[in-house]
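Sharing a model that was predicted from the sequence below.
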Amino acid sequence: MAVQIANPEVVRKIERLASVTGLSKTAAVEMAVDRILREKGRPDLEAQIIALLKQVDAIPDRPDWVDPLEWDEHGLPR
């Protein structure tokens, strides 16, 4: 299936991209389209980090966080 680009500015951009990358025009367009699709398909990283931090913040503080074991006078765990 052929694609016709009617906008001369877009044609110039494709030619420049092909020249800069050393690819054919078709390969350069494919590379650009693949990159955009990958980026748009990824979940928002900032949103993922914020969600993870909210989960961590929801964990209650524990008074025994350093050492959860109780020790007797002989240094053995109870």
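Structure received. Computed from a predicted structure; not experimentally measured.

before we move on, which element is residue 38 in?
Element membership for residue 38, per DSSP states H and E: helix 25-41.

Pull the residues that contact that helix.
Contact with helix 25-41 is made by 14, 15, 17, 18, 21, 23, as judged by Cβ atoms under 8 Å, 6 or more residues apart in numbering. Backbone N, C-alpha and C define where each C-beta goes, glycine included.

Surely the first one is in contact with residue 5?
Yes: with contact defined as Cβ atoms under 8 Å, residue 14 and residue 5 form a contacting pair (7.0 Å).

the more surrounded of those two?
Taking other Cβ atoms under 10 Å, residue 14 and residue 5 do not tie; residue 14 has more neighbours (16 against 13).

From the chain's centroid, how far away is whatever helix or strand the more buried one lives in?
If you go by DSSP H and E, residue 14 is part of helix 8-21. Put simply, helix 8-21 sits 28 Å off its chain's centre (Cα atoms, centre = their mean, to the nearest Å).
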